[in-house]
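Trainee: Have a look; sequence and predicted model below, questions after that.
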Amino acid sequence: MSTKWIAAVRDRWFAVSVSITAGLAIAGAVVGFAWLPFEQPGQQFHGVWDAICSAAGLIRILPGHEQVIQADYPITQFEVTSRVLRRASADSIGRGATLALRCTMCHGARGLSQANTPNLAGQYPVTIYKELLDFKTGARASAVMAPLVADLNDTDMRDLAAYYAYLPRESADHVGGNEPPRIVSNGAPMRSIAPCGACHGELASKVGAAWLEGQPVVYLRAQLAAFASGVRRNDINEQMRNVARGMTPEEIDAASRFYAGQP
Amino acid sequence: MLNSRRLILAHFWFAFAGFGAALLLGEWQMFIRSPLHAWIGDPELYYRSVTAHGTTMAYVMPTLVAMGFGYFVTEASLKRPLIGLHWAWAGLALVFVGTITAIVPVALGLDTVLYTFYPPMIGNPFYYIGVVLVVVGSWIWVALMSVNLYHWKRQNPGAPVPFPMFATVAGSYLWGWTAVGAALELLFQIIPVALGLSSTIDAGLARVFFSWTLHAIVYFWLIPTYIAYYTIVPRAIGGRLFSDQMGRISFILFLVVAMPIGVHHLFADPEVGSGFKFLHSVFTALVTLPTLLTVFTICASVEIAGRLRGGKGVLGWLVVLPWRNPVMLGAAFSFIMLGFGGAGGLINMSYQLDSTIHNTQWITGHFHLIFGGAIVIMYFVIAYDVWPHLTGRALECVRLMRVQLWTWFVGMIVLTFPWHYVGVLGMPRRMAFYDYSDPVIAEQAASVAMSVIGGAILVVSGALFLLVLARGQAGVRVEPGAYRFSVAAHPPRSLPAALNGFGLWLGLMIGLTIVNYGFPIVHLLATPGTAVPAVMNRAAP
């Protein structure tokens, strides 16, 4: 076997093909890593090695440049994934029910509001937890909610989320089954607005997007206006601010009315 | 000598049945996002259809054609029964089970992630598991090709491996290695998230793994077509293959340089460095070499046939070619589409030019022209050529075959040329609806409508193809005799070891993969904080 290998390596085909391949790879690498980076306008390299590192895709921090630009306002610190706050225990729901007594004045005895505040019954637990957290850190501003969440600890907020998620969605006073307006079903492709229904229900739902159906129309409209003006900014990737900024007042009204009218 | 007719027929029928269904989905997609139809209310339906169309056309159909044709070539060229017939049936069964496992959740709307997966979007795990089963089934074929070649070489020491078998084994090795990228992505990244074992995914790394598969898979689709150019066309038109060795070098070049080039799909991705993008661009340019060699060899082979038929002068041999022969017609159409598609491909692989058409409808137009056009039309030719040998019945409807090939060619041109054009105008791909009433894109409406007509012609052509094959199953019983491949003008009596085996070339293929992919993969694996939350794809509650 070894003699066969030696014969194969000594073969002219071996020498020629390996040389050509290696030569091409080396020539390509020299051009791509050491020459072309310097041809890019506006690049500041400290020597060839720096250029090679840049072309290799290494993350480099240039002197005087911050690697990450920090927002100058409080931002959401909570990472929403599909796995957080799943399967709450009965104890957690029970504790949440007790804590929720202080919320009943605005959000109703069983999480159903008569006061144009959000209906919390049946809302995704992730949504409730994230909003409580954002009120507490100041990522979402509210003169009403801020003092109410100030003394809640992390377990309290998880319990409240579990309790409201556990409550049944009831909306007997709503008439559903309306045809969605175009902004909900199709968005506005030319303005890069995705359909509301692609994340918030109707077509599909995405992790982290709130359950909107049956929410008060006044509340939905106010939130879209707050996103559009930048007053509300706890959507960490600006996805809602970008969408709301591009929406017309008619579209905001139509989307709010549609979701408010859904069961 | 064909012993495994039922096995090969089963592969072809399964492939073409899936092709027929996916073709209808494709035309439906063209129609509903065109100005001829109002916006569909639910874009998820569109993505459901695109996922099923892409999965069937990209994974299931060409894999089955390559497998079935590979078994055919093994028996017909080595002139001995296939070793491992039971394993071959097991491979087919895996592909079948995998296809059903994948398509059911797609049909239910649980996996509208498109056939290229697009993490961090994550759907129902059964879709991914189904795709893995399809790949594992095809790996059985890869192993069987290797085993059959090994046994033949042991019994015929030093003899030149029949060229059709050499090319088939080259294609199987290319697939065996290139499928590893997507398999790594599915097994170690996507499926754990889909099963709920993890909630975050390194989407950049996943895209790098997928690019490992994504480009060379095109050459895997292409290889049966190239085998047909070399081993069917010259014989069918009464000529000789110009050079056996040149053919071997073409397939060897595909094996070596088709693999380390996939990053040209990631030119717009920030996670890969520009140096690697350039390096992949260089090797992508090298893939034109085996194609240009093939174009030269096949044109020369066809010229031999033309001159043998009495053609004179510089172009006189073209006139006397048997243009009414479906194989001649199909090969000519295939070459024309390969020419246009290849020219478009040169734009896609150029780092700067790509930025003008990246993620536009140009790309979809391009791969439909190359794959659906140049490649698939030769799948039809292969089927027509081998069908009597598989069924033992005459395939007499030659006129219908010609109509079918003409309609496929015309349909594909009418489909893809406007498609390229709207891409240049900036029409994005992967969208379920477009507002053609907007003045910005209103002028694209006519071109998109033209593409729908092209698609409709293709549906008719696809139906004719299935009709020809079905009629072949019910034709008059004949004894077609032994199957013959093209004979070279100078058949090789002996060959250098390098042109009769794969050791050196597999070494270069793996070496180049490590050079071109090793650092980006290791770097992404070692960089903390590159994982992002998965976006779970779930139906509306």
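Mentor: Ah, there it is.

Trainee: residue ranges of the helices in the stretch 401-541 of chain B, please?
Mentor: B:445-473, B:503-526 (DSSP state H, counting those that start in this stretch).

Trainee: To chain A, which of the ones you listed lies closest?
Mentor: Closest approach to chain A among the helices of the stretch 401-541 of chain B (C-beta to the nearest C-beta): helix B:503-526, 5.4 Å. C-beta: built from backbone N, CA, C; applies to glycine.

Trainee: Buried ones in that closest one, by neighbour count?
Mentor: Using 16 or more other C-beta atoms under 10 Å in any protein chain shown as the test for burial, helix B:503-526 gives B:504-509, B:511-513, B:515-517, B:519-521, B:523-524.

Trainee: mind listing what residue B:509 touches?
Mentor: By C-beta atoms under 8 Å, 6 or more residues apart in numbering or on different chains, residue B:509 lies in contact with B:173-174, B:177, B:255-256, B:259.

Trainee: of all these, which comes closest to chain A?
Mentor: Closest to chain A, out of all of the contacts of residue B:509 and judged by C-beta to the nearest C-beta, is residue B:256, at 6.9 Å.

Trainee: Around that closest one, count how many other residues there are.
Mentor: Using other C-beta atoms under 10 Å in any protein chain shown, residue B:256 has 27 neighbouring residues.

Trainee: can you give me the helices in the stretch 1-150 of chain A?
Mentor: A:2-10, A:12-29, A:36-39, A:48-55, A:90-99, A:104-107, A:125-137, A:145-149.

Trainee: a markdown table please, covering those helices and showing mean pLDDT.
Mentor: What follows is these, written out as a markdown table (pLDDT from 0 to 100):
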| stretch | mean pLDDT |
| --- | --- |
| helix A:2-10 | 67 |
| helix A:12-29 | 93 |
| helix A:36-39 | 89 |
| helix A:48-55 | 90 |
| helix A:90-99 | 94 |
| helix A:104-107 | 91 |
| helix A:125-137 | 94 |
| helix A:145-149 | 93 |
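
Trainee: who wins for proximity to residue B:264 among these?
Mentor: Nearest to residue B:264 among those is helix A:12-29; the distance by C-beta to C-beta comes to 12.9 Å.

Trainee: so the closest one versus helix A:48-55, what angle?
Mentor: Orientation note: helix A:12-29 sits at an angle of 90 degrees relative to helix A:48-55 (axes from the mean of the first three to the mean of the last three C-alpha atoms, to 10 degrees).

Trainee: Quick check: residue B:395 is in a helix.
Mentor: No - Residue B:395: not assigned to a helix; according to DSSP: H, G, I helix; E, B strand; the rest coil it is coil.

Trainee: Pull the contacting residues for it.
Mentor: Taking C-beta under 8 Å, 6+ apart as the test, what residue B:395 contacts is B:384, B:387-388, B:401, B:468, B:471-472, B:475.

Trainee: could you redo the last one with a cut-off of 6 Å?
Mentor: B:387-388, B:472 (C-beta atoms under 6 Å, 6 or more residues apart in numbering or on different chains).

Trainee: Most neighbours among the residues you listed, which one is it?
Mentor: The contacts of residue B:395, ranked by neighbours (other C-beta under 10 Å): first place residue B:387, 22 neighbours.

Trainee: quick one: it from chain A, how far?
Mentor: Relative to chain A, residue B:387 is positioned 39 Å away (C-beta to the nearest C-beta, to the nearest Å).

Trainee: list the helices and strands the one helix or strand that residue maps to packs on?
Mentor: Secondary structure assignment for residue B:387, by DSSP states H and E: helix B:376-391. For helix B:376-391, the contact count by 3 or more C-beta pairs under 6 Å, 6 or more residues apart in numbering or on different chains; DSSP states H and E identifies helix B:5-32, helix B:61-78, helix B:216-231, helix B:326-348, helix B:445-473 as packing neighbours.

Trainee: Try it again at 10 Å.
Mentor: The contact analysis (3 or more C-beta pairs under 10 Å, 6 or more residues apart in numbering or on different chains; DSSP states H and E) places helix B:376-391 against helix B:5-32, helix B:61-78, helix B:216-231, helix B:233-236, helix B:326-348, helix B:398-424, helix B:445-473.

Trainee: And the average pLDDT for the longest one is what?
Mentor: Which is helix B:445-473. Averaged over helix B:445-473, pLDDT sits at 97.

Trainee: Quickly check: that helix near chain A or not.
Mentor: No - contact of helix B:445-473 with chain A is not found when judged by C-beta under 10 Å from any C-beta of the partner chain; the minimum separation is 13.7 Å.

Trainee: That helix: which residues count as buried?
Mentor: Buried, per 16+ other C-beta under 10 Å, within helix B:445-473: B:445, B:447-459, B:461-462, B:464-466, B:468-469, B:471-472.

Trainee: Show the pLDDT at residue A:226.
Mentor: pLDDT, residue A:226: 95.

Trainee: cool, the one 10 residues further on as well?
Mentor: Per-residue confidence (pLDDT) for residue A:236: 83.

Trainee: Could you tell me how many residues sit around it?
Mentor: 17.

Trainee: Now that it has come up, it's in contact with residue A:139, right?
Mentor: Yes - here residue A:236 reaches residue A:139: they are 8.7 Å apart, a contact under C-beta atoms under 10 Å.

Trainee: check contacts around residue 83.
Mentor: Using chain A here. By C-beta atoms under 10 Å, 6 or more residues apart in numbering or on different chains, the contact set of residue A:83 is A:126, A:207, B:193, B:196-200, B:533-534, B:536.

Trainee: Actually, chain B is the one I wanted.
Mentor: B:74, B:144, B:147-152.

Trainee: So it belongs to a helix, correct?
Mentor: No - looking at residue B:83 with three-state DSSP, it is coil, so not inside a helix.

Trainee: Ramachandran coordinates for it?
Mentor: phi -80, psi 130 (degrees, to the nearest 10).

Trainee: burial measure for residue A:39, as a count.
Mentor: 8.

Trainee: for it, what are its contacts?
Mentor: So residue A:39 contacts residue A:31 (C-beta under 10 Å, 6+ apart).

Trainee: ok, now residue B:464?
Mentor: By C-beta under 10 Å, 6+ apart, the neighbours of residue B:464 are B:380, B:397, B:400-401, B:403-408.

Trainee: Show me the two of these that sit farthest apart.
Mentor: B:397 and B:408 (15.5 Å).

Trainee: more crowded one of those two?
Mentor: Counted by other C-beta under 10 Å, residue B:397 and residue B:408 do not tie: residue B:408 has more neighbours, with 25 against 17.

Trainee: Which residues lie in contact with the more buried one in this structure?
Mentor: B:330, B:333, B:337, B:372-373, B:376-377, B:380, B:457-458, B:460-462, B:464-465.

Trainee: again with residue B:278
Mentor: A:28-29, A:31-33, A:35-37, A:55, B:263-264, B:267, B:351.

Trainee: could you check the angle helix A:48-55 makes with the helix or strand encompassing it?
Mentor: With elements taken from DSSP H and E, the one containing residue B:278 is helix B:274-286. Going by the same axes, to 10 degrees, helix B:274-286 is angled at 70 degrees with respect to helix A:48-55.

Trainee: how long is stretch B:100-113 from one end to the other?
Mentor: 17 Å (C-alpha to C-alpha, to the nearest Å).

Trainee: likewise stretch B:499-508?
Mentor: 14 Å.

Trainee: average pLDDT across that stretch?
Mentor: Per-residue scores along stretch B:499-508 average to 94.

Trainee: next one: stretch B:177-195
Mentor: 95.
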